[in-house]
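[1] Quick one: sequence plus predicted model below, questions after.
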Amino acid sequence: MTDTGTTTDTATFAAGCFWGVEATFRQLPGVIATSVGYTGGQTDHPTYEQVCSHTTGHAEAVQVEFDSSQISYETLLDVFWQSHDPTQLNRQGWDVGDNYRTAIFFHSPEQEKAALESRDKAQANFRKPIVTEITPAATFWPAEEYHQRYLEKRGQSSCAITVTN
């Protein structure tokens, strides 16, 4: 067996509806795999319906497996800040509720430090305060299969809504 030099790491982000967040991260060179799911709540094995009922405390999140020799955690953080509005509490666009909150779930003290530094740096790009939670990673419960690569399966690259006048 040959060593490919791959250094695999995990990152977990919540930035609203997980379909668009997953699509954003899947496109990045160095991202090996993504999975949408639920984390940060108190119910074991939550379903989409339970999470949407706002009774479990979970966020819709994306777990990103990445090759840190090809893409850094700091680059993933930059993409995170640019891909949603981290100043909106418990919502992104028309999606409202605690399951759509903005959060970084860190997997190591190094990720926590990088996330905090990145948040402070990103704040310069926003007039309102960033409300993103930065919290230890909890159990990640993969979402139902039909949610995985949802947009890709439908030939879409984002779930952005275009408003025309």
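    Yes, it's here. Here the structure is a predicted model, which is why all the values come from computation and not from measurement.
[2] what helices or strands is the lengthiest helix in the chain leaning on?
    Looking across the chain with DSSP state H, the single longest helix is helix 109-122. Counting contacts by 3 or more C-beta pairs under 8 Å, 6 or more residues apart in numbering; DSSP states H and E, helix 109-122 packs against helix 73-82, strand 102-106, strand 133-136. Glycine gets a C-beta too; all of them are placed from N, C-alpha and C.
[3] What residues sit buried inside it?
    By neighbour count with 16 or more other C-beta atoms under 10 Å, helix 109-122 contains the buried residues Gln111, Glu112, Ala114, Ala115, Ser118, Arg119, Ala122.
[4] relative to strand 102-106, how tilted is it?
    Interaxial angle, helix 109-122 versus strand 102-106 (axes from the mean of the first three to the mean of the last three C-alpha atoms, to 10 degrees): 150 degrees.
[5] mind saving the C-alpha coords of helix 109-122 as PDB?
    Extracted in PDB, the C-alpha atoms of helix 109-122 (Å, rounded to 0.1, in the frame of the first residue of the first chain):
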ATOM      1  CA  PRO A 109      -8.400  23.400  20.100                       C
ATOM      2  CA  GLU A 110      -6.600  24.500  16.900                       C
ATOM      3  CA  GLN A 111      -9.900  24.700  15.000                       C
ATOM      4  CA  GLU A 112     -11.500  26.700  17.800                       C
ATOM      5  CA  LYS A 113      -8.600  29.200  17.800                       C
ATOM      6  CA  ALA A 114      -8.700  29.500  14.000                       C
ATOM      7  CA  ALA A 115     -12.500  30.000  14.100                       C
ATOM      8  CA  LEU A 116     -12.300  32.700  16.700                       C
ATOM      9  CA  GLU A 117      -9.500  34.500  14.800                       C
ATOM     10  CA  SER A 118     -11.400  34.100  11.600                       C
ATOM     11  CA  ARG A 119     -14.600  35.500  13.100                       C
ATOM     12  CA  ASP A 120     -12.800  38.600  14.400                       C
ATOM     13  CA  LYS A 121     -11.200  39.200  11.000                       C
ATOM     14  CA  ALA A 122     -14.500  38.600   9.100                       C
END
